[in-house]
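Student: Take a look and give me a structure for this.
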Amino acid sequence: MRPSQTDRGGSEKRYNHNSSMELFNEWLWRQEYWLPPGITWREMAQMEDSPLPRDLLISLPLALGFIALRCAFERTVAVPLSKLLGVKDRVRLSVSPAPSLEAFYTKHSRHPAQSEVSSLMKQSGLTQKQVEVWFRHRRNQDRPSNTKKFCEASWRFVFYLISFTAGLASLINTSWFWDQRECWRGYPLQPVEKVHYWYYMIELAFYWSLLLCVSVDVKRKDFKEQIVHHIATIFLLGFSYCANYIRIGTLVMLVHDSSDFLLESAKMFNYASWKKTCDSLFVVFAVVFLVTRLVVFPSKIIYTTLILSMEVFQPFMGYYFFNALLLVLQALHIFWAWLIMRMIYKFLFLGKLEKDERSDDESEAEEEAEDEGEEEENQTSWKKRKVVLDSKLAMMTSSCVLNNLANQRANVCSRMPKSR
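Tutor: Numbering: from 1, shown residues only. Below you'll find the model as predicted:
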């Protein structure tokens, strides 16, 4: 039986699709991109305990497991801990029902322009000041509470602390921890130990979970930089594993985890209003961050990958890509170091740490200040009215007393002639 034209057309499409996928895979996994000159994928596969690209797939179910574990941790551990430390949520003023304003807020923008405010005034029948106040209070309702911020910080603190401790324990006895030239001895034919394999997979899964939860997490001033950081870290971990940059990759993860848990602990005590403890932890974090990210990372990690690796192999595509990702991370380090230096300046010259420069959105802080200003203004006006009322009451009381005295004197005078 001869195949019909429809069957022939379908088989040709499948053949073209398969051939295009084969061409794409052949182009993507060309050994010139991933391995130094003279090394093939066959040699890598023949090595015992060699890293394989398909190993990275386990990080995706691990990321979903991290998300589920985080939800359980926040409910059973973080929330009770926040109550124990005295975390208090700010009372938000509820807005009056306004269907036209609510529709604009949910469908268009949380910050209406001046021309849009004029249109909303006509639709709602409110004044410009009332519309602006309504939107500010409505934004305050969607703002995350201190308990939510505390839960997020405590989850990251626990992970970074465990990751740093376990990573340091697994690397303290390795040769490349003390001498970075050992990262390239025998590269890329270096077997991967099980502990370092799981160190990689867990870190990669955690950053996948952060990227998947970025829409529901607390948005901070460096939101875009955090997205770039997560994506660059995922690419860096994935590529370094496939190209067997695992030795230098473990050092990169250890350097980053060394200061992250200090920052999250400072945030936790900040939300609990333990100011002295928060300030002390922030000073320790600032010192560790500036030393590890601006001194150790460029002098030990980047110098090793850019310069010392050239003693073992000639530059190839993976060499440039890996170092480009490291330089992206270093640019983010410089940006965050600038924010931290601003906080140190405020701490030294103003005597206190007002807020985390990397933390909550600046516009939200300004709106909180405006709300506090309104409350203070209302309290001041009430005090003024109270003073006026008290003075009037005192005047009325004194006038009543004088009237009573005058009436009593008149009565006495009227009785005197009769008695005479």
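
Student: Pull the contacting residues for I231.
Tutor: Under the criterion of Cβ atoms under 8 Å, 6 or more residues apart in numbering, the neighbours of I231 are L211. All C-beta spots, glycine's among them, are computed from the backbone N, C-alpha and C.

Student: And the host helix or strand of it, what's buried?
Tutor: Using DSSP states H and E, I231 sits in helix 223-242. For helix 223-242, burial by neighbour count (16 or more other Cβ atoms under 10 Å) applies to 225-226, 229-230, 232-234, 236-237, 239-242.

Student: how far away is L212 from Y320?
Tutor: For L212, the distance to Y320 equals 29 Å [Cβ to Cβ, to the nearest Å].

Student: Pull up the distance across stretch 174-191, start to finish.
Tutor: 13 Å (Cα to Cα, to the nearest Å).

Student: Report the mean per-residue pLDDT for it.
Tutor: Average pLDDT, stretch 174-191: 88.

Student: contacting residues around that stretch?
Tutor: Stretch 174-191 is contacted from outside by 35-36, 39, 43-44, 47-50, 171, 243-244, 246-248, 251, 300-301, 304, 308-309, 311-313, using Cβ under 8 Å, 6+ apart.

Student: which of those count as buried?
Tutor: Those of those that meet the buried threshold are 35-36, 39, 44, 50, 171, 243-244, 246-248, 251, 300-301, 304, 309, 313, by 16+ other Cβ under 10 Å.

Student: can you tell me which of those residues are in helices?
Tutor: Mapping the buried ones among the contacts of stretch 174-191 onto helices (DSSP state H) picks out 44, 171, 246-248, 251, 304.

Student: any idea which of those is closest to A324?
Tutor: I248 (14.7 Å; Cβ to Cβ).

Student: Dump stretch 311-318 to PDB, restricted to CA.
Tutor: Only the C-alpha atoms of stretch 311-318 are listed here, as PDB (Å, rounded to 0.1, in the frame of the first residue of the first chain):
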ATOM      1  CA  GLU A 311      49.400  28.500  32.200                       C
ATOM      2  CA  VAL A 312      47.500  25.300  31.500                       C
ATOM      3  CA  PHE A 313      45.500  25.900  28.200                       C
ATOM      4  CA  GLN A 314      45.000  28.400  25.500                       C
ATOM      5  CA  PRO A 315      41.900  30.700  25.600                       C
ATOM      6  CA  PHE A 316      38.700  29.200  24.000                       C
ATOM      7  CA  MET A 317      35.100  30.200  23.900                       C
ATOM      8  CA  GLY A 318      34.200  28.900  27.300                       C
END
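
Student: Outside of that stretch itself, list whatever touches it.
Tutor: With contacts defined as Cβ under 8 Å, 6+ apart, stretch 311-318 is touched by 32-37, 181, 184-185, 187, 239, 243, 319.

Student: closest to N146 among those?
Tutor: Ranked by distance to N146 (Cβ to Cβ), the contacts of stretch 311-318 are led by F239 at 38.7 Å.

Student: residues contacting that closest one?
Tutor: Contacts for F239 (Cβ under 8 Å, 6+ apart) come out as 245, 318, 321-322, 325.

Student: Let me have the residues you listed in a markdown table, extended by neighbour count and secondary structure.
Tutor: Compiled in a markdown table, those are given as follows (neighbours: other Cβ atoms under 10 Å; DSSP: H, G, I helix; E, B strand; the rest coil):
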| residue | neighbour count | secondary structure |
| --- | --- | --- |
| Y245 | 25 | coil |
| G318 | 21 | helix |
| F321 | 17 | helix |
| F322 | 21 | helix |
| L325 | 19 | helix |
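
Student: what's the offset of stretch 183-193 from the middle of its chain?
Tutor: Mean-position distance between stretch 183-193 and its chain equals 35 Å (Cα atoms, centre = their mean, to the nearest Å).

Student: Could you list the low-pLDDT ranges of the stretch 201-350 of the chain?
Tutor: For the stretch 201-350 of the chain, applying pLDDT under 70 flags the ranges 221-222, 350.

Student: Name the nearest of the ones in helices among the buried ones among the contacts of stretch 174-191 relative to G125.
Tutor: L251 (63.9 Å).

Student: my guess is that closest one meets Y303, correct?
Tutor: No: between L251 and Y303 there is no contact under Cβ atoms under 8 Å: 11.9 Å.

Student: returning to that earlier point: just the contacts of stretch 311-318 now: which is nearest D260?
Tutor: Nearest to D260 out of these is F239 (Cβ to Cβ; 21.7 Å).
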